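>>> mind looking at a prediction? Sequence and model below.
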Amino acid sequence: MRNNLTFRWVKYILKFNKPAGTSRGVLYDKASYFIIVENNLGEIGIGECNIIPGLSPDDKPELEKHLEEICKKAETTEDISGLLPNGYPALKFAFETALTDLNQNGSRILYPSDFTNGKKFIEINGLVWMGDVDVMSRQLEDKVKNDFTCIKIKIGALNWQKELSFLKWIREKYSEKKLEIRVDANGAFTEKNVFSILDDLAKLKIHSIEQPIAAGNYDLMSKVCKNSPVDIALDEEIIGVKNRGFKEELLSIIKPQYIILKPSLIGGFSETSSWVSLCQQHKIKWWVTSALESNIGLSAIAQWTALQETTMPQGLGTGKIYTNNITSPLYLDGPKLGYNREINWDIPFLNLKKSVNQ
């Protein structure tokens, strides 16, 4: 990496093409902060600090102050690690990816592979967003028509009997051989109801459930993983756990069947790789999930994922949820995410500063 680097940041408001129901409420837009690093040859690397209101650890009033301070003080790659504050995983992800991009001459190809050469696809699951049952039904039918064989459905927001009826309707139409169903509870259930709900899910041959109870209760989550008739995947449980010893302890105590890896929420690819290494030791499976990033963050995550040689459907978004997403080589062919080098990046804020509201 060359010295004499200059850093700056831009805030960009991404607008959803329709209200997005999440476990943290309905979103109409969201902010992402982009780190732009330039060397003395004029090559530019870009990284995304993705913020999900109410969920991202970086969603703090001090974030912009930290961005300003780091960009003013940093002059080399080596400066960054000493300037990054603790408890800001998305910020770490942004600087890591920006510098990796710059190291590849600002090509936006951070991790060259058959995927970035257009010779390989990444199979993804289809996400059914939260909403009333009619809306969710239409989403599901659309995914099936587009050849998705793995669907992820958010649960825990509606009355459980309504959600269960919806899942039963799906399974009556599509067998487990035709359609793999993953559900995500975002910690919605409690000790009082979680085991009966898991029994209901098992009868429908559900593949797995993400975070059935709230994060932080290792003893109960361990009990759930041990006794559940449905495989358990940890999600929020691993956010904020950085120390390798703590990671080891968490996996040893809870013993999940899967973990969900969200690089922008757990501190970038170095932290993600650490989790993968521990999963291999503990014989725990995993998949990668994006978290409402723009195409800049999504592309970085997809490129890293393509190197892992995993065959499971991944939880990568498609970028189509925003009206003003950044044009990129990413594209979707049914349930397959691809990269087309003939499509150029179009990044509207490269020559702007501070804030863009589009």
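Received it, and whenever you're ready, just let me know what you need.

>>> for the chain, what spans make up the helices?
For the chain, the helices defined by DSSP state H occupy 63-73, 77-83, 89-103, 133-145, 160-173, 194-203, 218-227, 244-254, 263-266, 269-282, 295-306.

>>> ok, which of those comes nearest Val26?
helix 133-145 (12.3 Å; Cβ to Cβ). Quick note: C-beta positions are derived from backbone N, CA and C, even for glycine.

>>> other SSEs contacting that closest one?
For helix 133-145, the packing partners by 3 or more Cβ pairs under 8 Å, 6 or more residues apart in numbering; DSSP states H and E come out as strand 126-128, strand 150-154, helix 160-173.

>>> tell me which helix or strand of the protein sits lowest on mean pLDDT?
strand 354-357 (a mean of 46; mean pLDDT, DSSP states H and E).

>>> reformat the helices of the chain as a markdown table; add distance to Thr323, mean pLDDT and mean neighbour count.
Listed next are the helices of the chain as a markdown table, based on distance: least, Cβ to Cβ, whole Å; pLDDT from 0 to 100; neighbours: other Cβ atoms under 10 Å:
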| stretch | distance to Thr323 | mean pLDDT | mean neighbour count |
| --- | --- | --- | --- |
| helix 63-73 | 24 | 96 | 16 |
| helix 77-83 | 33 | 93 | 14 |
| helix 89-103 | 22 | 98 | 26 |
| helix 133-145 | 18 | 91 | 15 |
| helix 160-173 | 28 | 94 | 15 |
| helix 194-203 | 35 | 98 | 17 |
| helix 218-227 | 38 | 97 | 16 |
| helix 244-254 | 38 | 96 | 15 |
| helix 263-266 | 21 | 96 | 28 |
| helix 269-282 | 29 | 96 | 16 |
| helix 295-306 | 13 | 98 | 26 |
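
>>> make JSON lines from these and add distance to Ile122 to it.
Output for the helices of the chain, formatted as JSON lines (distance: least, Cβ to Cβ, whole Å):
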{"stretch": "helix 63-73", "distance to Ile122": "30"}
{"stretch": "helix 77-83", "distance to Ile122": "29"}
{"stretch": "helix 89-103", "distance to Ile122": "18"}
{"stretch": "helix 133-145", "distance to Ile122": "16"}
{"stretch": "helix 160-173", "distance to Ile122": "24"}
{"stretch": "helix 194-203", "distance to Ile122": "27"}
{"stretch": "helix 218-227", "distance to Ile122": "28"}
{"stretch": "helix 244-254", "distance to Ile122": "25"}
{"stretch": "helix 263-266", "distance to Ile122": "14"}
{"stretch": "helix 269-282", "distance to Ile122": "15"}
{"stretch": "helix 295-306", "distance to Ile122": "6"}
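
>>> bridged to Lys30, which residues?
Following DSSP bridges, Lys30 is listed with bridge partners Leu14.

>>> show me the contacts for it.
Contact analysis of Lys30 by Cβ atoms under 8 Å, 6 or more residues apart in numbering lists Ile13, Leu14, Phe16, Ile51, Ile52, Pro53, Leu292.

>>> I'd like the distance between the last one and Ser273.
Shown here: Leu292 relative to Ser273, a distance of 22 Å by Cβ to Cβ, to the nearest Å.

>>> do the second one as well
The gap separating Leu14 from Ser273 is 27 Å, by Cβ to Cβ.

>>> next: the fourth one.
Relative to Ser273, Ile51 is positioned 23 Å away (Cβ to Cβ).

>>> may I have the phi/psi pair for the nearest residue to Gly317 once chain neighbours are set aside?
Using Cβ to Cβ, 6 or more residues apart in numbering and skipping the chain neighbours, the partner closest in space to Gly317 is Ser290 (4.6 Å). In terms of degrees, to the nearest 10, the main-chain angles of Ser290 are phi -80, psi 170.
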